[in-house]
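> sequence first, predicted model second:
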Amino acid sequence: MTYEVVREIEFCYGHRLLNYSGKCKNLHGHNGLAVIKIASNELDNLGMVIDFTKIKSTVANWINDTLDHKLILCKTDPLIPALKANNEVIYLMDTNPTAENIAKLIFDYTFKQNIDVTEVILWETKSCYASYKHS
């Protein structure tokens with residue numbers, strides 16, 4: 001048997017995809033929803049997998065401070081100098097800021113905080129999501 005808890009975190013972000021021929025090559029925004037899944041075979045002494053407030057104070061606060069209302073761009077994006085010159089707030093990734101890569105970014109951060117995350121789902125729209133999980 002496995003127990004699982006889930007916390008949903010809403011945030012807004014802009015991005016664009018490099019070397020892409022569709023509409024997403026242009027700067028655009030999303031009302032994203034990150035779904036953080038944490039599982040355990042055992043409960044702690046309080047009967048929990050993890051306290052929901054720990055997920056909020058650790059992951060939700062990081063998303064709010066780091067990604068919310070930011071332009072998430074690849075560090076090689078040629079728009080970066082112009083955006084910085086205009087005091088735009090950006091978050092730079094080593095990879096193209098696809099939903100898949102942003103889900104992995106959130107997963108990796110959560111895991112580094114010693115939280116046994118099993119999966120992060122990033123809803124980019126109401127009908128499209130990407131996920132990254134432990135295999």
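Sure, I can see it.
> so who does the residue nearest to residue 98 when sequence neighbours are not counted touch?
Distance criterion Cβ to Cβ, 6 or more residues apart in numbering; nearest residue to residue 98, sequence neighbours excluded, is residue 17 at 6.5 Å. C-beta: built from backbone N, CA, C; applies to glycine. By Cβ atoms under 8 Å, 6 or more residues apart in numbering, residue 17 lies in contact with 24, 25, 96, 97, 98.
> buried members of these into ChimeraX, please.
The buried residues among the contacts of residue 17 can be selected in ChimeraX (16 or more other Cβ atoms under 10 Å) with this line:
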select :24,96,97,98
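> please name the bridge partners of residue 31.
residue 12 (DSSP bridges).
> that one - how many residues pack around it?
12 (other Cβ atoms under 10 Å).
> then residue 79?
14.
> I'd like to know how far the residue positioned nearest the centre of the chain sits from residue 44.
Residue closest to the average C-alpha location in the chain (Cα atoms, centre = their mean): residue 106, at 4.0 Å. To residue 44, residue 106 is 23 Å away according to Cβ to Cβ, to the nearest Å.
> looking at the contacts of residue 17, which is nearest residue 12?
The closest of these to residue 12 turns out to be residue 97 (Cβ to Cβ; 14.0 Å).
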